[in-house]
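**Student:** Sequence first, then the predicted structure:
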Amino acid sequence: MIIKRIAGATRVIGQSQGFLGLPLRDELREVTIGGQVVTCRAMMTAWEPRPDQIVRVNQGALIYLCVLGVAHPPVMLDVGEIPE
């Protein structure tokens, strides 16, 4: 996957640790937890699959999420709108 700059980015994380840097947008999201709808702070990022990854996903390959470290925060994956 290729890191993309998300529209409305509010900061870039990871560069001070030697990573490429991940532009993100801080936002509030409504999620359902235990049957209750709550508002949570969230960090949204944008990724572009490489052509070979698109082929593999279309052939049934799974998409993996790797969280570095030992504590796993709640995460979500989604698909954006079709580019114009």
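**Tutor:** Right, received. Where do you want to start? Numbers count the residues shown, from 1 in each chain.
**Student:** Now do the helices in the chain.
**Tutor:** Assigned by DSSP state H, the chain shows helices spanning 51-58.
**Student:** Can you tell me the strand partners of the longest strand seen in it and which way each runs?
**Tutor:** The longest strand of the chain (DSSP state E) is strand 22-33. Strands that pair with strand 22-33, judged by DSSP bridges, come out as strand 11-13 (antiparallel), strand 36-44 (antiparallel).
**Student:** As JSON lines, these with distance to Leu22 would be great.
**Tutor:** Yep, even glycine has a C-beta here, placed from its N, CA and C like the rest. Converted to JSON lines, those look like this (distance: least, C-beta to C-beta, whole Å):
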{"stretch": "strand 11-13", "distance to Leu22": "5"}
{"stretch": "strand 36-44", "distance to Leu22": "9"}
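**Student:** among these, which is the most enclosed?
**Tutor:** strand 11-13 (a mean of 13; mean count of other C-beta atoms under 10 Å).
**Student:** Need the mean per-residue confidence for it.
**Tutor:** Strand 11-13 shows a mean pLDDT of 94.
**Student:** ok, now stretch 49-69?
**Tutor:** When pLDDT is averaged along stretch 49-69, the result is 93.
**Student:** Need the contact partners of the longest strand of the chain.
**Tutor:** By C-beta atoms under 8 Å, 6 or more residues apart in numbering, the surrounding residues in contact with strand 22-33 are 3-14, 37-46, 74, 76.
**Student:** Now do the buried residues in it.
**Tutor:** Going by neighbour count (16 or more other C-beta atoms under 10 Å), the buried part of strand 22-33 is Leu22, Pro23, Leu24, Arg25.
**Student:** ok so, going back, what's the closest of the strands paired with strand 22-33 to Ile82?
**Tutor:** strand 36-44 (18.0 Å; C-beta to C-beta).
**Student:** roughly how far is the closest one from the heart of the chain?
**Tutor:** Put simply, strand 36-44 sits 14 Å off its chain's centre (C-alpha atoms, centre = their mean, to the nearest Å).
**Student:** Excluding chain neighbours, give the residue nearest to the spatially most central residue of the chain in space.
**Tutor:** The structure's the chain has its C-alpha centroid closest to Thr45; by C-alpha atoms, centre = their mean the separation is 4.3 Å. In this structure, Thr45 finds its nearest non-sequential neighbour in Leu24, 5.0 Å apart by C-beta to C-beta, 6 or more residues apart in numbering.
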